[in-house]
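**Student:** My questions are about this predicted structure, shown below with the sequence.
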Amino acid sequence: MCSRRQRKWRWVAAVCAVIILTLTALRTSTSTRTGRPICSFDIIREHCVKHNYFPTGGQWVNDKHGDEVFVPDICRFTESAIKVDKVQNCLKRREVKRMLFLGDSNGIRYFEAMVHLLNKTFLCKLEKTHRSPDFLPDAMYFTNGTRLNASDIVVHYRDCRQCYETLVACTAPQNQGVSFTIKLEFLAMEYFLDTEVTTVRTKKQNNIGRAGWHHSTSTQEFIFSEYLKKQPYPDVILLFSSNHDKARNTLEKMRADMEYLKSLINVYVPSTTEVFWFSTLSEYNNKKPKAYRNRKYERKYAANEYIQLENRHLFEVLLPELSKRDSVIKPFFDIYSMSYGVLHWSTDGIHREKRWYRAIMSRWLQTFCV
Ligand SMILES: *[C@@H]1O[C@H](CO)[C@@H](O)[C@H](O)[C@H]1NC(C)=O
Ligand SMILES: *[C@@H]1O[C@H](CO)[C@@H](O)[C@H](O)[C@H]1NC(C)=O
Ligand SMILES: *[C@@H]1O[C@H](CO)[C@@H](O)[C@H](O)[C@H]1NC(C)=O
C-alpha cells in the first residue's frame, strides 16, 4: 500500500503527462497541416515507396469561386486551380513540345480537358483526326504525316465506341518574335495489351527496326516502337489505365499485361520523356444502365472491388520503377480515391462531368509546374 502522499504525487504526475501529450499532439497536427510541402511528383513518388501505395488521402472542398477542388493530405497546392497564364510559361520553361494521351473513352476526356485549358491562352487547331463510325481504327491516321506505309498496318475492331485518334496543335501568340507550338495527341489504348493496330511486313524494310523485319504484335508495341519513333518522341505521356480490361481479362492476365506494357515503355521510351501512369477511376452503379449495374467480374467481384484490386496490381507492377528516382515512369495521386470523393459527378456510371477531367488536369499541371 502506498501512502496518501505518494498517491497524490502519482496523480499530479499523471495529469502532467496527459497535458504534455496533448500539447505535443496539438503541435504536431498543426505543424503537419501548415508545414506540408508543395505538391511535386517527387513527394508523390516518395509517398508511394514509403507507404506502399499511391497517395489516397484528401478531400474535395469548395474554393472561393464555389468550385470543388481536391485537397490532398500529403502536400499542398498554392492555388485552388492552375492559373491560366501560368500554363504557357510552364510548358515553355519545361520545353514541352509534344504531349501524348493514351487511354479509353475516359482518357480522351482528359485530353479534351487539357486542350480546353490550353485553348484559353494558346490558339488550338485540329491537325488530324480519322474517326471511323464502325469501331475500326483507321490506318490512314497513323500514316498521315509519318511515312509509315498503310499496307503494313493491320487493324482490328475495338470495343470502345468513343475511342479515336486525334492530334491538336496549340500555338502561343508571338512573344518578342518567338512563337511556341505544342502538339497534343490522343491515341486510343483500350487495354494494357491488345491487337487493334499492329504491323505485318512481308518484305524486308530497311527504314524500320534494326533487322528491317520489325513487326509490332500489339497496339502498344506499334505505338511505342513505330508510330512515336516516326516523329519527335513526346516529352510527356499521360497514360490512363482503362475501364475496359476488367470485362475481358482476369486479374492475373491483366497483371501480366501491365508488366508487358511497362517493359515496352522501358525498352522504347527515351530517358528524356516522362510517362505519368494513372490508376483507374471508380464507377458508380446507380448511374449505369440496368444491364451493367450489378455485373460481377471473375464471377465474384463488383466493379469497384475489381478496380481496387486492379489498381493494387498496378501499384505492385510499378513499384520497382517508383523506387528509382530516374525512371521515366511517374505516379500521381490515386485516381480511384479522388474519383470516389465526387461520385455525384458521374454521368453514366463510367464517365464523369467535364469538371472532373478539368480538375484532374489542373492538379496534374500544378504538380508538373512546380
Ligand atoms: C479553341 O477555341 C476556339 C474558340 O473558342 C474554337 O473555335 C476552337 O475550336 C478551339 N480549338 C479546339 C482544338 O478545340
Ligand atoms: C491528313 O489529315 C488531314 C486532317 O485530318 C486531312 O485533311 C488530310 O487529307 C490527311 N491526309 C491524308 C493523306 O490522309
Ligand atoms: C508500301 O508497301 C507496298 C507493299 O509492300 C509497296 O508496294 C509500296 O511501294 C510501299 N509504299 C511506300 C510509299 O513505301
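**Tutor:** Yep, it's here. Residues are numbered from 1 along each chain as shown. Ligands and ions are numbered 1, 2, ... in the order given.

**Student:** where does Val87 fall, phi/psi-wise?
**Tutor:** phi -60, psi -50 (degrees, to the nearest 10).

**Student:** what about it, neighbour count?
**Tutor:** If you count neighbours by other C-beta atoms under 10 Å, Val87 ends up with 24. The way it works is simple: take the backbone N, C-alpha and C, and place the C-beta from them, glycine included.

**Student:** The one 4 residues further on too?
**Tutor:** Under the neighbour criterion other C-beta under 10 Å, Leu91 is assigned a count of 23.

**Student:** I figured it hits Ile182, correct?
**Tutor:** Yes. The criterion here is C-beta atoms under 8 Å, and Leu91 meets it with Ile182 at 5.8 Å.

**Student:** measure Glu196 to ligand 3 for me?
**Tutor:** 21 Å (C-beta to the nearest ligand atom, to the nearest Å).

**Student:** swap that for Val154, sorry
**Tutor:** Distance of Val154 to ligand 3, computed by C-beta to the nearest ligand atom: 13 Å.

**Student:** when you give positions from now on, start the count at 689
**Tutor:** All set: I'll call the first residue 689, so the last point we hit is now Val842.

**Student:** so that residue sits in a helix?
**Tutor:** No. Using DSSP: H, G, I helix; E, B strand; the rest coil, the assignment for Val842 is strand, not a helix.

**Student:** Secondary structure element for the residue nearest to it when sequence neighbours are not counted, which one?
**Tutor:** Using C-beta to C-beta, 6 or more residues apart in numbering and skipping residues adjacent in sequence, the residue nearest Val842 is Thr886, 5.0 Å away. Assigning secondary structure by DSSP states H and E places Thr886 in strand 885-887.

**Student:** Low-confidence regions, the stretch 839-988 of the chain specifically.
**Tutor:** Along the stretch 839-988 of the chain, segments meeting pLDDT under 70 span 863-865, 891-900.

**Student:** what ranges do the helices span in the stretch 839-988 of the chain?
**Tutor:** Here the stretch 839-988 of the chain has its helices, by DSSP state H, counting those that start in this stretch, at 907-909, 933-936, 939-956, 978-981.

**Student:** closest to Asp773 out of those?
**Tutor:** helix 939-956 (33.1 Å; C-beta to C-beta).

**Student:** now for the closest one, which elements pack on it?
**Tutor:** helix 907-909, helix 933-936, helix 991-1010 (3 or more C-beta pairs under 8 Å, 6 or more residues apart in numbering; DSSP states H and E).

**Student:** Relative to ligand 2, which of those helices is closest?
**Tutor:** Closest of the helices and strands packed on helix 939-956 to ligand 2 is helix 907-909, at 20.0 Å (criterion: C-beta to the nearest ligand atom).

**Student:** outside of that closest one, which residues touch it?
**Tutor:** Met877, Glu878, Phe880, Leu881, Asp882, Thr883, Glu884, Val885, Thr886, Tyr948, Leu949, Leu952 (C-beta atoms under 8 Å, 6 or more residues apart in numbering).

**Student:** Of the residues you listed, which is the nearest to Ser930?
**Tutor:** Of the contacts of helix 907-909, the one sitting nearest to Ser930 (C-beta to C-beta) turns out to be Glu878, at 5.7 Å.

**Student:** from memory Ser835 sits against Lys917, does it?
**Tutor:** Rather than Ser, residue 835 is Arg. No. Assessed by C-beta under 8 Å, Arg835 is found out of contact with Lys917, at 11.0 Å.

**Student:** tell me which element Leu1053 is part of?
**Tutor:** Applying DSSP H and E, one finds Leu1053 within helix 1042-1056.

**Student:** Centre of the chain to that helix, how far?
**Tutor:** 10 Å (C-alpha atoms, centre = their mean, to the nearest Å).

**Student:** likewise stretch 776-789?
**Tutor:** 17 Å.

**Student:** before we move on, what about stretch 1030-1046?
**Tutor:** 16 Å.

**Student:** before we move on, the earlier item: right, and the helices and strands packed on helix 939-956 - which one's nearest ligand 1?
**Tutor:** Nearest to ligand 1, of the helices and strands packed on helix 939-956 and by C-beta to the nearest ligand atom, is helix 907-909 at 24.6 Å.

**Student:** about what we covered before: deepest in the core, which of the helices and strands packed on helix 939-956 is it.
**Tutor:** helix 907-909 (a mean of 24; mean count of other C-beta atoms under 10 Å).

**Student:** does Trp1052 really touch Phe1020, like I thought?
**Tutor:** Yes. Assessed by C-beta under 8 Å, Trp1052 is found in contact with Phe1020 at 6.6 Å.

**Student:** tell me, what's touching these two both at once?
**Tutor:** Shared contacts of Trp1052 and Phe1020, defined by C-beta under 8 Å, 6+ apart, comprise Phe964.

**Student:** Would you mind naming what in this protein lies close to ligand 2?
**Tutor:** Proximity of the chain to ligand 2, by C-beta under 6 Å from any ligand atom, involves residues Lys816, Thr817, Met828, Asn832.

**Student:** so can I have CSV of those residues showing secondary structure, distance to ligand 1 and pLDDT?
**Tutor:** As requested, the residues of the chain next to ligand 2 are exported to CSV (DSSP: H, G, I helix; E, B strand; the rest coil; distance: C-beta to the nearest ligand atom, whole Å; pLDDT from 0 to 100):
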residue, secondary structure, distance to ligand 1, pLDDT
Lys816, strand, 12, 96
Thr817, strand, 10, 95
Met828, helix, 20, 94
Asn832, coil, 17, 95
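
**Student:** Turn the residues you listed into a markdown table, including neighbour count.
**Tutor:** As requested, the residues of the chain next to ligand 2 are exported to a markdown table (neighbours: other C-beta atoms under 10 Å):
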| residue | neighbour count |
| --- | --- |
| Lys816 | 14 |
| Thr817 | 14 |
| Met828 | 13 |
| Asn832 | 16 |
